[in-house]
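> Kindly generate the corresponding structure for this input.
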Amino acid sequence: MYFIFFMSYHTNTDNMYELGTHVTAKADPALKLIIVKYYQRIYYCAETENLSRKHLAYFENELNPFLLDK
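Residues are numbered from 1 along each chain as shown. Below you'll find the predicted structure:
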C-alpha cells in the first residue's frame, strides 16, 4: 500500500488578515476578536475579553477590521 501525500511548501498568501490581528464579526460587531490561526481559508479567532474560551471559526468575508476609537 502506497500513501501519497501532497505537501505544499508555499506560504499562504491568500489571507487578508495576519495572525494577531484584531477584528470584529459582521454578525456581532460588539464582539472583539483576535486571529489565532489561519487554515484552509478559515480564520480561527479568540475573544479578546476571554482567551480561554473556544475558538470561533469565520470566513474572510464574515470579518471586519477592528478600528480603534481615537
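
> Name the residues that touch the longest strand along the chain?
For the chain, the longest strand by residue count, based on DSSP state E, is strand 32-39. Strand 32-39 has contacts (Cβ atoms under 8 Å, 6 or more residues apart in numbering) with 12, 15, 17-25, 43-49, 51, 55-56, 63, 66. From N, CA and C alone the C-beta is placed, and that goes for glycine too.

> Just the buried positions in that strand, please.
Across strand 32-39, burial judged by 16 or more other Cβ atoms under 10 Å covers Leu33, Ile35, Tyr38.

> One more: stretch 40-48?
Tyr43, Tyr44, Cys45, Ala46.

> Now do that stretch, average pLDDT.
Regarding stretch 40-48, the rounded mean pLDDT is 93.

> Any regions of this structure where pLDDT drops low?
1-13, 69-70 (pLDDT under 70).

> Give me the distance between the two termini of stretch 35-54.
One end of stretch 35-54 to the other measures 13 Å (Cα to Cα, to the nearest Å).

> ok so, going back, among the contacts of strand 32-39, which ones are buried?
When the contacts of strand 32-39 are checked for burial by 16+ other Cβ under 10 Å, the buried set is Asn15, Tyr17, Thr21, Val23, Thr24, Ala25, Tyr43, Tyr44, Cys45, Ala46, Leu56, Leu63.

> Could you export the residues you listed as CSV, including secondary structure?
Formatted as CSV, the buried ones among the contacts of strand 32-39 follow (DSSP: H, G, I helix; E, B strand; the rest coil):
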residue, secondary structure
Asn15, coil
Tyr17, coil
Thr21, coil
Val23, strand
Thr24, strand
Ala25, strand
Tyr43, strand
Tyr44, strand
Cys45, strand
Ala46, strand
Leu56, strand
Leu63, strand
